[in-house]
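Asker: Turn this into a structure:
(one chain, ligands or ions: 2)
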Amino acid sequence: TGSTQPQRILKAVQNNATWGDAESVIATIDNYCRRKEWAMNVGDDKGPILDSVVSEVSPKVALELGTYCGYSTIRIARLLSPGSCLITLEFNPDCAIIARQIIAWAGLQDRVQLLEGPSKDLIPQMKESFRVKSFDFVFLDHWKEYYLPDTKLLEECGLLRKGTVLLADNVICPGTPKYLEYVRNSPRYESCYFKSHLEYTKVEDGLEKSVFLG
Ligand SMILES: O=C(NC/C=C/[C@H]1O[C@@H](n2cnc(C(F)(F)F)c2)[C@H](O)[C@@H]1O)c1cc([N+](=O)[O-])cc(O)c1O
Ligand SMILES: [Mg+2]
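Answerer: Residues are numbered from 1 along each chain as shown. Ligands and ions are numbered 1, 2, ... in the order given. Have a look, this model is predicted:
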């Protein structure tokens, strides 16, 4: 029984990154995934676009759908001001175990709350169990067919407020056509596309930024 990709990414971080240094963890994962084995991290091409949107929004309460190994979790959390928090949802317990360790290696565990389970169960609990009033920022990077239903669920649960920014990865590759059609045509969103490339490749991909208008 061999190792899993998340386990190999964690090992690369433990062997190469500096404990407590988020930048070194990001650089280590990007180097590993560019040179050794591709992995579905938002990466170092789309990453700076994510950074700029997070910095512009300066969210007090942020949500990430799809932790995987915690790469974008760290990119977002390292930019949060003290007292702000990022809630990240992960369905796969094996990924969650690894992501917790990578987030801790980056020294960001105090700003991140990783919740395990399906979004359809966790999102409706946000107000009651996790005392969230509304999200200032949402990063969508989980299963692509779930972007639209989960966005509608966030609306229905009253978790979006006038000005909430949604940022969606992979709107070109692998693609999220139903989500894109919705946010680009709904009068309740103001949407724009940031062209980039699929992580660690020359293939086109991009991020869609959509502001909820209330
Ligand atoms: O499939 C892709 N990503 C799927 C990502 C999926 C990850 O999101 C988690 N999740 C599922 N539901 C939840 C929630 F929120 F419900 F808890 C969390 C899954 O367990 C997995 O770790 C992908 C694929 C490519 N590619 O090039 O094929 C490139 C990319 O950047 C990608 O993100
Ligand atoms: Mg992605």
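Asker: And the strands in the protein?
Answerer: Applying DSSP state E to the chain gives strands spanning 61-65, 85-90, 112-116, 135-140, 160-168, 189-197, 204-212.
Asker: Check which strands are paired with the first one and give the direction for each one.
Answerer: Looking back up the chat, that one is strand 61-65. Strand pairing for strand 61-65, determined by DSSP bridges: strand 85-90 (parallel), strand 135-140 (parallel).
Asker: do the fifth one as well
Answerer: Sheet pairing for strand 160-168, assigned by DSSP bridges, gives strand 135-140 (parallel), strand 204-212 (antiparallel).
Asker: near ligand 1, which residues of the chain show up?
Answerer: 40, 65-66, 68, 89-92, 95, 118-119, 141-143, 169-170, 173-174, 198-199 (Cβ under 6 Å from any ligand atom). Quick note: C-beta positions are derived from backbone N, CA and C, even for glycine.
Asker: can you rerun that using 5 Å?
Answerer: 40, 65-66, 68, 89, 91-92, 95, 119, 142, 170, 174 (Cβ under 5 Å from any ligand atom).
Asker: now, which of these lie within helices?
Answerer: Counting by DSSP state H, the residues of the chain next to ligand 1 place 95, 119 in helices.
Asker: Determine which two of the residues of the chain next to ligand 1 are furthest apart.
Answerer: With Cβ to Cβ as the measure, no two of the residues of the chain next to ligand 1 lie farther apart than 89 and 174, at 19.3 Å.
Asker: Which one of these two is surrounded by more residues?
Answerer: Higher neighbour count among residue 89 and residue 174: residue 89, with 23 against 13, using other Cβ atoms under 10 Å.
Asker: Next up, phi/psi of the residue in the chain that ligand 2 sits nearest to, please.
Answerer: The nearest approach of the chain to ligand 2 comes at residue 169, 3.7 Å away (Cβ to the ion). Main-chain torsions, residue 169, degrees, to the nearest 10: phi -80, psi 160.
Asker: Okay, it and residue 144: tell me how far apart.
Answerer: 9 Å (Cβ to Cβ, to the nearest Å).
Asker: cool, and residue 56?
Answerer: Residue 56 sits 25 Å away from residue 144, going by Cβ to Cβ.
Asker: what about residue 56, how many residues close to it?
Answerer: 11.
Asker: My read is that residue 162 contacts residue 189, right?
Answerer: No. Assessed by Cβ atoms under 8 Å, residue 162 is found out of contact with residue 189, at 11.6 Å.
Asker: Which residue, other than its chain neighbours, is closest to residue 85?
Answerer: residue 111 (5.6 Å; Cβ to Cβ, 6 or more residues apart in numbering).
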